[in-house]
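**Q** can you look at this prediction? I've put the sequence above it.
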Amino acid sequence: MGQKLKITGWVAAGAVAGVLTTVSLQTVARGSLAPLPLEELQQLAAVFGMVKSDYVEPVDEKKLISDAISGMVAGLDPHSQYFDKKSFKEFREGTTGRFVGVGIEISQEDGLIKVVSPIEGSPAFRAGLKPNDLITKIDDTAVRGLSLNEAVKRMRGEANTKVLLTIFRKDESRTFPVTITREEIRTQSVRGKMLEPGYGWIRLSQFQERTVDDFVKKVEDLYKEDPNLKGLVLDLRNDPGGLLDAAVAVSSAFLPENVTVVTTDGQLPESKSVYKAAPEFYQRRSGSDPLRNLPAALKNVPLVVLVNEGSASASEIVAGALQDHKRAVVMGSQTFGKGSVQTVRPLGPDTGLKITTARYYTPSGTSIQAKGIVPNVLVDESAEGSPFAALRMREADLEKHLASGQGPETKDPEREKARDEARKRLEEEAKKPPQDRKTPEFGSDKDFPLMQALNRLKGQPVLVSKTQVIVENKDEKKEN
């Protein structure tokens, strides 16, 4: 653990601003740089001078340098990135789970923005917004035609500023304006409930700073509701990742003490690390063990982990650890396959560099880079199958993605054919009325994979997928 304690800051694994990543923040100065290629640097300086003096119109010097750095880093792999002031701020917001806005979880429906849920205690919650409300305008801008990200940007802003939302409430057949004052919001990354007596469900949507505390509270609430819990579903579907210490903590909640959760390996000494199920590997620097009050029964409760193609990075770490130690049955679809580590180093007070420094491995020594976690039981999204799964982007689809380091990748020639068929089905689906093409909400009694997970816990028959194909990647285990 000595090397890891030299790494200042935090470690993260996940998706921030649309980029799936595993990240450790370091402010450690590099003591031994490789010799600089002077001739190539002279060429770079010459090009800079030519652009500065010869381009048709004046060019900002800072922008030239920023663009040069961005291009240099972007050529490495999909996850290395230069952060300018704006993107660095967004990155930090994504990992802390804090932002300034109105406080609603949203999705898109029929070209409008749908309120999935107002965050409890938020300005939107206090203003009376309800699930299924449709936002038709943000200030004077019509929502139809905006992307989800564009709508989010318009609703966010500075604290104590106002935004006017026009709401259409379907069940009341009325449209009305709501003026909301923005404030700092803490997102909720943990949900949960009793599915039926004896069986609980906990969903993690991202691994953030508050996730472990919220996870512990939700577990305690379930055990208070039913002290004789007979089974639990840990739902990691569409969880893009987040903080690595949170992933190690959640894994440790279910695993025996001191077993390996995940290992990392790279060129730097601090990249060669082993994270175990023990407090020193996940507790914050000034805090106590956040898992200390968990019920002892949690270590042995029958457990199913639900994953899909949207489960990436930190969620793959948890699924891989629980699967390798045979602590849980993993069900669903093959995961995204994000198995590399990026280190974020500040370049100044408000800029930074994120660069790939290691691969991570499951406890058995397997790299899941460009492959993912293969569930023990393959389950489709619905009783009719997973008709649009082929359209989902995976790590192996990303240009310049890092190889697993454990053998050559194999390409499935049938995948493009499956994608073409899925595109046609999606076009047909889009022609249906909105009410006929809604995806059941996670956690509802119409959530097909969740119902199959419940069946597994109860020892009842499970409708296993007959159509899913595993994306193979002829890997051999890492030599330790």
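**A** That came through fine. What you see is a predicted model, and the numbers here were worked out from it, not measured in a lab.
**Q** count of residues packed around Gln323?
**A** Gln323 has 21 neighbouring residues, counting by other Cβ atoms under 10 Å. Yep, even glycine has a C-beta here, placed from its N, CA and C like the rest.
**Q** give me the below-cutoff pLDDT ranges for the protein.
**A** 1-34, 94-97, 120, 385-394, 396-400, 403-439, 471-480 (pLDDT under 70).
**Q** and the longest strand anywhere in the chain, what other elements does it pack with?
**A** Using DSSP state E to define each element, the chain has its longest strand at strand 352-361. The contact analysis (3 or more Cβ pairs under 8 Å, 6 or more residues apart in numbering; DSSP states H and E) places strand 352-361 against strand 19-25, helix 61-74, strand 81-83, helix 85-96, strand 260-265, strand 340-346.
**Q** format those as CSV; extra columns: distance to Glu316 and mean neighbour count.
**A** Output for the helices and strands packed on strand 352-361, formatted as CSV (distance: least, Cβ to Cβ, whole Å; neighbours: other Cβ atoms under 10 Å):
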stretch, distance to Glu316, mean neighbour count
strand 19-25, 9, 25
helix 61-74, 24, 13
strand 81-83, 20, 23
helix 85-96, 17, 17
strand 260-265, 9, 23
strand 340-346, 11, 23
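**Q** between these, which one is nearest to Leu36?
**A** helix 61-74 (13.8 Å; Cβ to Cβ).
**Q** ok, and what's touching the closest one?
**A** Leu44, Phe48, Val51, Lys52, Ser80, Gln81, Tyr82, Asp84, Leu353, Lys354, Ile355 (Cβ atoms under 8 Å, 6 or more residues apart in numbering).
**Q** can you check stretch 166-180 too?
**A** Residues contacting stretch 166-180 (Cβ under 8 Å, 6+ apart): 102, 112, 123-124, 127-130, 132-138, 162-165.
**Q** filter these down to the buried ones and hand me the ChimeraX line.
**A** Listed next is the ChimeraX selection for buried residues among these, using 16 or more other Cβ atoms under 10 Å:
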select :102,112,123,124,127,129,133,134,135,136,137,138,163,165
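**Q** from the contacts of stretch 166-180, which ones fall inside strands?
**A** Per DSSP E, these map to strands at Leu112, Leu134, Ile135, Thr136, Lys137, Ile138, Lys162, Val163, Leu164, Leu165.
**Q** closest one to Pro58 out of these, please.
**A** Ile138 (35.9 Å).
**Q** could you list the domains of the chain?
**A** Each domain of the chain is listed here as a residue range: 98-186, 192-337+361-458, per automatic domain parsing.
**Q** quick one: end-to-end distance for the first one.
**A** Terminal residues of domain 98-186 lie 5 Å apart, using Cα to Cα, to the nearest Å.
**Q** equivalent analysis for the longest one, please.
**A** Between the opening and closing residues of domain 192-337+361-458 there is a gap of 19 Å (Cα to Cα).
**Q** run the chain-centre distance for it.
**A** Computed by Cα atoms, centre = their mean, to the nearest Å, the chain-centroid distance of domain 192-337+361-458 equals 10 Å.
**Q** circling back to that earlier point, filter the contacts of helix 61-74 to the buried ones?
**A** Buried members of the contacts of helix 61-74, counted by 16+ other Cβ under 10 Å: Ser80, Gln81, Tyr82, Asp84, Leu353, Lys354, Ile355.
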